[in-house]
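Asker: Requesting a structural model of the entry that follows:
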Amino acid sequence: MFPKDYATLDPSSNDTILSEIQKLALEIIYEAENVVKTGGDWDSKMTEITSKVLETKIKILSLPRHRVEEITPLAIAMVDNVIQEKTENCMGSIRYMELCTRLLWTVIYSSLTKVDISKFKSNITQSILIALLEFLQSTTTLKFPEINNPVFIEELRFRITGFPNLRYFDFKTLCTDEIIQSICENCPRILVILVNCSKRITDKSVPFLSSLQKLKTLNIHSTSISTKGYREIISRLKHLHNICWNNEGDDLITDIETQDLSKIKYFAGNFSSSETLVTKCPNIISLCLIKVETDLLSLSALKSLEVLHMFFLNFSNYNVRHLFPNIAHIKELEFGHIDQLDICLLIKNCVFLKKLTVQNSVFSENEMVINPASEHFSNLRNLTLISNTNYHWYASNVKYYNNLSSLTSDIEDVLVYQYFDDVLSNNGFKNLEIFIFTKSKNLDIRTALRLMKSCPKLRVLGKLGSWGSMNDVYIKYIRNMVKVKKYNLELII
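Answerer: Predicted coordinates for the structure are as follows:
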């Protein structure tokens, strides 16, 4: 039996509140199952459960508003986990849905401003939250999962009319012209719309999107909107600061007045002439290049450029190598599916770099004499190395990034326990906050304990379940240590 004093909430502790919410959810499901098994009165039990739920809800709402805002998404996730783990059992789908609705109603409050339905595991949770959207009039952010359900999509079209404060809308792949129209007509404060890959968005949406004079960010990449339609949107929206397009960039921007493009800060896509891009959009801060097949040296004229992402390129082609000495001011680099990546060139020239991500790429054979005191090593804060080849020389020098706050990788033959033990013994990685390694056969419980002991700022440690000799016993031990030592540490298993 579960304790009857299920709703004793300690306002000083989020953990206590979440624990009590979990206890309440489990108790409610247990009692409902028992009623069905014994042939009891279901309606009476639902009335009793509603009373318990209301009591807990009132106690939570008595907390300061910022605490309620802080606890709500965590509480919804807690209930979602319970729902995901349980099944309909003998209750049947209708009764179970009724029960889950009451559980979620416990932790949904009208003051909630951010609703990310895509985070939740259970389809039941997702559908119930969509149905309860009408109670969330204060919401400023809405994110939806890719649910290919015609009933849900039609329902969303009408639900969206109840969000006068909405500023951020994210519904990729399955958004429609009708939903866009509803947003444009009912959400006057909207600033961000992300509906890329939604083929049911066509040129019918162009006049509606063009009317959103406050809109700053729009992603309609891979929708059915034509080049002509996108040009019209860009020309009319004076505050829009991004372009995200899957066709030839020049075909899109050539016929738009430069004065309408000088506002553009973010560009993602491909193009046939970097000179045209630089001339038309001289104030770009962030640039994402995908399968570009043209000389890139002209991009060095983008004096405001801080972030550069490159995908599906050969580092030896299109003057890529000659570009980097001219953009030494760059702060963030991401490479994906790059061949012959010359990391030595980056170490020499990108001395102000704060974040470096390399995935699915092949490093060149180049090596160099390392200067550990280089500004490149002292300035980098975030490093991600995933699914690369020929990385061994570079990986052996990761230890010189003394000020790293985040390290994410899947390298297992260089970055082993002894490697990190040596670095930490020499007072390296003292500022590390995030350490995430996947599928490493050579990391174990010793690595986790060493990091916890030597990195006082560590707040995320993972993915422990994929480490070589890590088992349930070791993970339980680490969890217990985090609890006993009161570490502010999230463990990703």
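Asker: make it CA atoms for all contacts and neighbour counts henceforth
Answerer: OK.
Asker: In the protein, where's the longest helix?
Answerer: In the chain, assigned by DSSP state H, the helix with the most residues is helix 14-38.
Asker: Could you check that helix and say which residues are buried?
Answerer: Residues of helix 14-38 classed as buried: 14, 17-29, 31-33, 35-36 (neighbour count, 16 or more other CA atoms under 10 Å).
Asker: Rounded mean pLDDT for that helix, please.
Answerer: Regarding helix 14-38, the rounded mean pLDDT is 80.
Asker: on contacts alone, who are the packing partners of it?
Answerer: Based on contacts counted as 3 or more CA pairs under 8 Å, 6 or more residues apart in numbering; DSSP states H and E, the elements that helix 14-38 packs against are helix 42-61, helix 65-85, helix 93-106.
Asker: Neighbouring strands of whatever helix or strand comes next after the last one in the sheet, and parallel or not?
Answerer: Along the chain past helix 93-106, the next helix or strand (assigned with DSSP states H and E) turns out to be strand 114-116. Using DSSP bridges, the strands paired with strand 114-116 in its sheet are strand 141-143 (parallel).
Asker: can you tell which of the helices and strands packed on helix 14-38 is closest to Thr447?
Answerer: Set against Thr447 and scored by CA to CA, those come closest in helix 65-85, at 29.2 Å.
Asker: Please enumerate residues in contact with the closest one?
Answerer: Residues external to helix 65-85 that are found in contact with it (CA atoms under 8 Å, 6 or more residues apart in numbering): 14, 18, 21-22, 25-26, 60-61, 100, 103-104, 107-109, 111-113, 115, 120-122, 124-125.
Asker: List buried residues within these.
Answerer: Buried positions within the contacts of helix 65-85, assessed by neighbour count (16+ other CA under 10 Å), are 14, 18, 21-22, 25-26, 60, 100, 103-104, 107-109, 111-113, 115, 120, 122, 124-125.
Asker: Phi, psi for Glu334 please.
Answerer: Backbone torsions of Glu334, given as degrees, to the nearest 10, read phi -130, psi 130.
Asker: Glu490 now?
Answerer: With angles defined as degrees, to the nearest 10, Glu490 shows backbone torsions of phi -90, psi 120.
Asker: ditto for Cys288
Answerer: Its backbone dihedrals place Cys288 at phi -120, psi 120, with angles given as degrees, to the nearest 10.
Asker: just the one 4 residues further on next, same as before
Answerer: Recorded main-chain torsions at Val292 are phi -80, psi 140, according to degrees, to the nearest 10.
Asker: quick one: contacts for it?
Answerer: If you count contacts by CA under 8 Å, 6+ apart, Val292 has them with Asn270, Phe271, Ser272, Leu313.
Asker: Now do the domain split for the protein, please.
Answerer: Described in terms of automatic domain parsing, the domain architecture of the chain consists of the residue ranges 1-107, 306-401, 405-493.
Asker: CA atoms of stretch 286-295 as PDB?
Answerer: Coordinates of the C-alpha atoms in stretch 286-295 are reproduced here as PDB (Å, rounded to 0.1, in the frame of the first residue of the first chain):
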ATOM      1  CA  SER A 286      26.000  32.600 -39.000                       C
ATOM      2  CA  LEU A 287      26.500  30.700 -42.300                       C
ATOM      3  CA  CYS A 288      25.600  27.000 -43.000                       C
ATOM      4  CA  LEU A 289      27.000  25.600 -46.200                       C
ATOM      5  CA  ILE A 290      25.600  22.300 -47.600                       C
ATOM      6  CA  LYS A 291      27.100  20.700 -50.600                       C
ATOM      7  CA  VAL A 292      28.400  23.900 -52.000                       C
ATOM      8  CA  GLU A 293      30.400  23.600 -55.200                       C
ATOM      9  CA  THR A 294      31.900  27.000 -55.800                       C
ATOM     10  CA  ASP A 295      34.900  29.000 -54.700                       C
END
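Asker: mind checking pLDDT for the most centrally placed residue in the chain?
Answerer: Taking CA atoms, centre = their mean as the criterion, Lys119 is the residue nearest the geometric centre of the chain, at 9.6 Å. Looking at Lys119, its pLDDT is 81.
Asker: could you list every residue that touches it?
Answerer: When contacts are counted by CA under 8 Å, 6+ apart, Lys119 touches Pro145.
Asker: can you tell me how far it sits from Ile338?
Answerer: From Lys119 across to Ile338, the span is 31 Å (CA to CA, to the nearest Å).
Asker: and if you look at Ile493?
Answerer: Using CA to CA, we find Ile493 at a distance of 30 Å from Ile338.
Asker: So for the two, which residue has more residues nearby?
Answerer: More crowded of Ile493 and Ile338, by other CA atoms under 10 Å: Ile338, with 21 against 13.
Asker: Hmm, that one is touching Ser316, no?
Answerer: No. The pair Ile338 / Ser316 is not scored as a contact, 9.9 Å apart, by CA atoms under 8 Å.
Asker: which residues touch Lys399?
Answerer: Contacts for Lys399 (CA under 8 Å, 6+ apart) come out as Val423, Gly428, Phe429.
Asker: next one: Phe208
Answerer: Taking CA under 8 Å, 6+ apart as the definition, contacts of Phe208 comprise Ile180, Gln181, Cys184, Glu185.
Asker: Report the two of those separated the most.
Answerer: The distance between the two most remote of the contacts of Phe208 (CA to CA) is 8.6 Å, for Ile180 and Glu185.
Asker: out of the two, which sits in the more crowded spot?
Answerer: For Ile180 and Glu185, the more surrounded residue by other CA under 10 Å is Ile180, and the numbers stand at 20 against 16.
Asker: Make sure that one is actually in contact with Ser205.
Answerer: Yes. Counting by CA under 8 Å, Ile180 touches Ser205, with 6.5 Å between them.
Asker: Mind listing the shared neighbours of the two?
Answerer: By CA under 8 Å, 6+ apart, Ile180 and Ser205 have no common neighbours.
Asker: okay but Cys350 is in contact with Ser374, surely?
Answerer: No. No contact is recorded between Cys350 and Ser374 when judged using CA under 8 Å, the distance being 10.4 Å.
Asker: Tell me which of these two has more neighbours.
Answerer: Between Cys350 and Ser374, counted using other CA under 10 Å, Cys350 has the larger neighbour count: 25 against 14.
Asker: who touches the more buried one in this structure?
Answerer: Residues in contact with Cys350, defined by CA under 8 Å, 6+ apart, are Phe324, Pro325, Ile327, Ala328, His329, Ile330, Lys331, His376.
Asker: now do 6 Å
Answerer: With CA atoms under 6 Å, 6 or more residues apart in numbering as the criterion, the residues that contact Cys350 are Ala328.
Asker: how close does it sit to Thr357?
Answerer: In this view, Cys350 and Thr357 are 13 Å apart by CA to CA.
Asker: Which elements pack onto the helix or strand in which Lys483 is found?
Answerer: The secondary structure element spanning Lys483 is helix 472-485 (assigned by DSSP H and E). Using 3 or more CA pairs under 6 Å, 6 or more residues apart in numbering; DSSP states H and E as the contact criterion, no secondary-structure element is in contact with helix 472-485.
Asker: Helix or strand next in line after it, which one?
Answerer: Per DSSP H and E, helix 472-485 leads on to strand 490-492 as the next helix or strand towards the C-terminus.
Asker: packing partners for that following strand?
Answerer: In this structure, strand 490-492 makes packing contacts with strand 460-462, judged by 3+ CA pairs under 6 Å, 6+ apart.
Asker: Partner strands of the strand it packs on, with direction?
Answerer: Take DSSP bridges as the rule and strand 460-462 pairs in its sheet with strand 434-437 (parallel), strand 490-492 (parallel).
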